[in-house]
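Enquirer: A predicted structure for the sequence below; I have some questions about it.
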Amino acid sequence: MIKGTVSTFGALVLFIGAWLIFASGTKRGKRFSIRRVAGIQAVDEAVERCTEMGRPVHFATGTGALDSSMIASFAIMSYIATKCAQMDTGLIVSAGLPEIYQISEGVVRQAYVEAGKMGSFRAENVRYLTSAVAAYEIAVDGLLHRENPGANLMFGPFNAEAMMIAERGNRLGLVQIAGTNSFLSLARFVATCDYVLIGDELYSAAAYLFRDKEPDRVNQVLAQDVLKLGAFLVILIGTILTSSGNGIVAKLLAK
Amino acid sequence: MNRLAEWLSNIDVRILQAGLVIVVVFALVNPMGLSVPITEGATRAYESINSLPAGSKVIFAVSTNPGSAAEHAAMGPAILKHLVKDKIKIAFIPTGSQATAYVADYVNQAKKLGYKEGTDFVNLPFRAGDEKFVASLGTGFKSVYKELPSSPLWDSMVDIKSFSMWIDISGGQSQMWAIAHIGDPFKIPVVSGVNSNMIMNLEQYLKSGQLSGLLGGLAGGAQYEVLSGAPASGVASMDAQGFGYLWIILLLILGNIGYLTSKKAGTAKGGVTGD
Amino acid sequence: MKGRSALAVLVSTLTALVVFAARFVDVPVITVTSQRIMEWTVVVAAFALGLGAVNLARVSIKNISARRGKSWWLNIVTLVFLVVPAVTGIALGPNHKNYLWMYNTFYVPLNASIVALGVFWICSASYRAFRLRNLHSFLLLASSTIVMIGSMGLGQKYLPYSPKMSEWILNVVSSAIMRSMGIITAIGMAGVGLRIVVGLERRPLAGGDSGE
């Protein structure tokens, strides 16, 4: 093995082992519960509010790369698209990367198909704006003014555009819910949004929303918790040992 | 009193923003020459570069884009002047697609300071690939630039180990790539200059020693100018930045006075929700 | 699973496994294949950019033909700035003076101006958000105020301990939180990555096909 990767491989084995244990429990009929994240309940309320007001829902994905937070956000996008299709509420998706636009169109289209509302699907409502941060924030700013949505949902990897988009939405009086694992954007969202899903809550939210249809998502979250516990123990034991002059944990992690 | 309190807690946004402009312009026009607080990251950056012997070679990697240009406007020239003063040889490399123009600026500045291309610095062209490109500089430095003409300095740059330091001026993630593919495997010190909002994210790398210096935004540039004894545009902007902070602090105080007074009267609004 | 979905899942699983394996083992075939796969992602991203541009053009043309909204004419501006630089760059090259003129005259100042506007948003957002509602809000307000005071010359002059307090907040408190969030986020990324490797995450691959 490549030097320095043994500890990573060990963590991977622990993760997969925990996942398999939870998966076998699910196969035997056991159902693991997952707590509801406050922001996700607010998503339902936001969509209902938009339906009552007759205004569309706006979903922004940011200009960050197609990473794991965006993959988790696609699950949330699918959920919101399904709800919008069922309630005949408009949904506008603003993508900041062309590959995210491609996938978003597929996700929203599929949601409308599964809801039996393919006739209501409008391809032009899923838009690629631009990949440049400044241009994206201005484009979304203009879109919020012109399209007059009732809610501004921001899920995905955001960069500096988070500030302007969220602040503009706040000034327009929109319900705002955000979820990202980008440190830079979190502070901005916390200051301007009604609800924020911080880091891991994004993955938990996707697991909660699809806990019945895709129970493996809950198993994933549980396996993540096992790995977090393992990391905590390693840090605790390592700190104690290293502080007392024993560097064995650091040596093991460097293998 | 209630009306004043309500007004204080809901000041029109235009007044907030106009006040900020007035305060910043005032400070720019009437500089007070206030001192610049020096951070540990800036001190370590200066000491790391200062400890390089004359004739050492460094990579000056630039990933500036139009959005981050203002944040890097002070630190880049300050570091460059220091390198020239200490007669350090430089390889300029744009690691971002939009950085070529900014590298050209640094090259012009180096020439104005008396440096000659081919003997004191080389200007390497942009190569696409982001992290892959940085990684390939570590594993096969010369093979990335096969077509470059020979020159005394370029010929002496055999591989990545020919360099004593990687200086990274970036608005993105190139410093992370440098740590992962250059600093950690080849034990080459990495000094990073970033946007001010990225400092929090990178302090941990400074603490762990994976970064040998960290400069954040215009303030970081101003600190480096002070440390290197060459105050310039960075230091000149610090008064304005400080007054801008003062204005925001004043607004926070007024807003909270209004909020708490309104709260007592039962008409309060605002704050971070979800508390 | 339908044929197209199955193919997408198979390709993604195989490529993910190869890149994964290259991280842990030093086998030349795997390493070289992994590098080739990474190069292919650049090509795929370039094609996706083209499709994105087509979508942007399609939406703009639709708005122009329908005269949709008061500012429908801005879509003409969008189309001009989409087509002209693209054609110029392709025909003359990105280093040609005409292309660089467009870049330096329009893109650079506009980009820098929008980024600079950020400070106004931060000013109004912090004024509105930092209110003393409870202990959490107090900590938020106090830490941000200390960091601001410690970062400026006036703070250093009249409150000499403020720079040290500011550094402590950034280096100790903030750094610890960043590290823990980094660990948690990385673990989450590992979970999602593994779902893609084993073929469980099919929503992005099959255009929304759920994980069944």
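Expert: Ah, there it is.

Enquirer: for the chain, what's the longest helix?
Expert: Let's take chain A. Criterion DSSP state H: the longest helix present in chain A is helix A:216-243.

Enquirer: think we crossed wires, I meant chain C
Expert: When secondary structure is assigned using DSSP H, the longest helix within chain C turns out to be helix C:28-66.

Enquirer: which residue ranges of the stretch 101-250 of chain B form strands?
Expert: Per DSSP state E, counting those that start in this stretch, the stretch 101-250 of chain B has strands spanning B:121-123, B:165-170, B:190-194, B:213-216. These are given in chain order.

Enquirer: wait, which of those strands is closest to chain C?
Expert: Between chain C and the strands of the stretch 101-250 of chain B, the tightest spacing by C-beta to the nearest C-beta is seen for strand B:213-216, at 9.6 Å. Any C-beta I mention is one placed from the backbone N, CA and C, and that applies to glycine too.

Enquirer: paired strands for that closest one, with orientation please.
Expert: Here strand B:213-216 has these sheet partners by DSSP bridges: strand B:190-194 (parallel).

Enquirer: next, the angle from the strand it pairs with to strand B:165-170.
Expert: Our comparison of strand B:190-194 with strand B:165-170, counting by axes from the mean of the first three to the mean of the last three C-alpha atoms, to 10 degrees, yields an angle of 10 degrees.

Enquirer: what sits up against strand B:190-194?
Expert: In this structure, residues lying in contact with strand B:190-194 by C-beta atoms under 8 Å, 6 or more residues apart in numbering or on different chains are B:45, B:48-49, B:71-72, B:75-76, B:79, B:165-171, B:175, B:178-179, B:182-183, B:202, B:210-217, B:220-221.

Enquirer: does the lengthiest helix in chain B come close to chain C?
Expert: Assignment by DSSP H gives helix B:233-265 as the longest helix of chain B. Yes. In terms of C-beta under 8 Å from any C-beta of the partner chain, part of helix B:233-265 sits within range of chain C, namely B:238-239, B:241-242, B:244-249, B:251-252, B:255-256, B:259-260.

Enquirer: so which of these comes closest to chain C?
Expert: Proximity of the residues of helix B:233-265 next to chain C to chain C, judged by C-beta to the nearest C-beta, is greatest for B:Gly242, which lies at 3.3 Å.

Enquirer: got phi/psi on the residue of the stretch 101-250 of chain A found nearest chain C?
Expert: For the stretch 101-250 of chain A and chain C, the shortest gap (C-beta to the nearest C-beta) falls at A:Gln110, measuring 2.4 Å. With angles defined as degrees, to the nearest 10, A:Gln110 shows backbone torsions of phi -60, psi -40.

Enquirer: tell me the pLDDT at it?
Expert: With respect to pLDDT, A:Gln110 has a value of 92.

Enquirer: show the pLDDT at the residue lying farthest from the centre of chain C.
Expert: Residue farthest from the centre of chain C, counting by C-alpha atoms, centre = their mean, is C:Tyr158 at 40.1 Å. Turning to C:Tyr158, the model gives it a pLDDT of 87.

Enquirer: can you give me the helices for the chain?
Expert: Going with chain A. For chain A, the helices defined by DSSP H cover A:6-27, A:38-53, A:68-87, A:98-114, A:133-147, A:161-171, A:183-192, A:200-209, A:216-243, A:248-253.

Enquirer: not quite, go with chain C.
Expert: Remark: helices of chain C, listed N- to C-terminal, are C:3-24, C:28-66, C:74-92, C:97-102, C:108-129, C:135-150, C:153-158, C:162-168, C:175-197; assignment by DSSP H.

Enquirer: and the contacts of the last one?
Expert: Contact partners of helix C:175-197, identified using C-beta under 8 Å, 6+ apart, comprise A:12, A:15-16, A:19, A:67-69, A:71-72, A:181, A:183, A:198-200, A:202-203, A:216-217, A:220-221, A:223-224, A:227-228, A:231, B:200-201, B:203-204, B:207, C:12-13, C:16-17, C:20, C:201.

Enquirer: for the fourth one, same thing?
Expert: By C-beta under 8 Å, 6+ apart, the list of residues contacting helix C:97-102 from outside reads B:101, C:84-85, C:88-89, C:92-94.

Enquirer: likewise for the first one?
Expert: Among residues not part of helix C:3-24, those counted as contacts by C-beta under 8 Å, 6+ apart are A:1-2, A:5, A:8-9, C:1, C:27, C:30-31, C:33-35, C:37-38, C:193, C:196-199, C:202, C:205-206, C:209.

Enquirer: let me know the angle separating that helix from helix C:175-197.
Expert: Helix C:3-24 and helix C:175-197 are oriented at 130 degrees to each other (the same axes, to 10 degrees).

Enquirer: in helix C:3-24, which residues are buried?
Expert: With burial defined by 16 or more other C-beta atoms under 10 Å in any protein chain shown, the residues of helix C:3-24 counted as buried are C:8-9, C:12-13, C:15-16, C:18-20, C:22.

Enquirer: out of those residues, who's nearest B:Asp159?
Expert: For B:Asp159, the closest of the buried residues of helix C:3-24 turns out to be C:Ala22, at 22.4 Å, with distances computed as C-beta to C-beta.

Enquirer: pretty sure B:Val107 contacts B:Phe121?
Expert: Yes. With contact defined as C-beta atoms under 8 Å, B:Val107 and B:Phe121 form a contacting pair (7.2 Å).

Enquirer: and those two? which has more neighbours close in?
Expert: Neighbours were counted for B:Val107 and for B:Phe121 using other C-beta atoms under 10 Å in any protein chain shown; B:Phe121 has more, 25 against 19.

Enquirer: so the residue lying closest to that one once chain neighbours are set aside, which state does it fall into?
Expert: On the basis of C-beta to C-beta, 6 or more residues apart in numbering or on different chains, the spatially nearest residue to B:Phe121 that is not a chain neighbour turns out to be B:Ile90, at 4.2 Å. Three states are possible here, and by DSSP: H, G, I helix; E, B strand; the rest coil the one that applies to B:Ile90 is strand.
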